[in-house]
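Trainee: What follows is a predicted structure for the sequence shown.
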Amino acid sequence: MEDASSAKQDIAKQLILKEINKVYADPAIIKQNGCAACHILFMLVESMQTNESDAADLLSEILFHNPKLNERFIEMVENIHMKQRMIGIPFSLKSRDAKDKYIESNLKNLLTELSSDVINYGTDIVLRKLLMSAIALELAQNIGIDYHAANEELYYYMRKNDMKSHESIVTFIDSFYKRINKKDQN
């Protein structure tokens, strides 16, 4: 059984490397506003005849255990999203270590901010904030716009459909807490 899994990973690893090299040779493979990482993921879905979730797990596993391939993957994503599209150029020019420090600093700042919000405003507000961020990010990715524009579109929609939006969010939050409480009781 382990041999089959190992063989599957070897095949996927070769497919990923081949596709990364194709993208480097012709960045136009990634359509305008397309996602380079998603391109690799969906290539795996199609080539390995699997679903997105399994392909994402496989991709993560392969990249985790193959640092050089992971580095090449990150370079490809940065090349497409930052250099080719002229977005985030100052960040893309930094060393890997400097990028990691920048990300770590932002992560710590966000977690500190969210912790402060929990103390000052409660968990409902933080959950709403995280939910709104996730929705805006999903919109940005699906529509192919930047995060700020997605936030603006989301807030416009929510203002226009105030009751419907509010009910959807409240229903989700109630369901979320019910699941947590049910889990805690078991």
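Mentor: Perfect, thanks for sending it. Residues are numbered from 1 along each chain as shown.

Trainee: who's in contact with Thr112?
Mentor: By Cβ atoms under 8 Å, 6 or more residues apart in numbering, the contact list for Thr112 is empty. In short, each C-beta sits where N, CA and C put it, glycine included.

Trainee: Next: Asn151.
Mentor: By Cβ under 8 Å, 6+ apart, the residues touching Asn151 are Met132, Ala136.

Trainee: Off-centre distance for whichever helix or strand it is part of?
Mentor: For Asn151, the host element (DSSP states H and E) is helix 147-160. Its chain's average C-alpha position is 19 Å from that of helix 147-160, according to Cα atoms, centre = their mean, to the nearest Å.

Trainee: what's in contact with the very next helix or strand once past it?
Mentor: Moving toward the C-terminus from helix 147-160, the next helix or strand (DSSP H and E) is helix 162-185. For helix 162-185, contacts defined as Cβ under 8 Å, 6+ apart pick out Asp124, Leu127, Arg128, Leu131, Tyr157, Met158.

Trainee: Please, a ChimeraX command that selects the buried ones among those residues?
Mentor: Listed next is the ChimeraX selection for buried residues among these, using 16 or more other Cβ atoms under 10 Å:
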select :127,128,158
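
Trainee: Make a markdown table from the contacts of helix 162-185 and add pLDDT and distance to Leu137 to it.
Mentor: Below are those laid out as a markdown table (pLDDT from 0 to 100; distance: Cβ to Cβ, whole Å):
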| residue | pLDDT | distance to Leu137 |
| --- | --- | --- |
| Asp124 | 88 | 20 |
| Leu127 | 92 | 16 |
| Arg128 | 89 | 15 |
| Leu131 | 92 | 11 |
| Tyr157 | 83 | 15 |
| Met158 | 83 | 15 |
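
Trainee: Which two among the contacts of helix 162-185 are spaced furthest apart?
Mentor: Asp124 and Tyr157 (21.2 Å; Cβ to Cβ).

Trainee: give me the low-pLDDT residue ranges for the chain?
Mentor: For the chain, the stretches with pLDDT under 70 are 1-2, 33, 82, 87, 186.

Trainee: Tell me which residues are up against the helix or strand hosting Ile74.
Mentor: Ile74 belongs to helix 67-78 when assigned by DSSP H and E. Identification of contacts with helix 67-78 by Cβ under 8 Å, 6+ apart yields 13, 16-17, 20, 23-24, 36-37, 40, 62-64, 92, 96.

Trainee: Go ahead and confirm Leu15 touches Val45.
Mentor: No. At 10.9 Å, Leu15 does not count as touching Val45 under the criterion of Cβ atoms under 8 Å.
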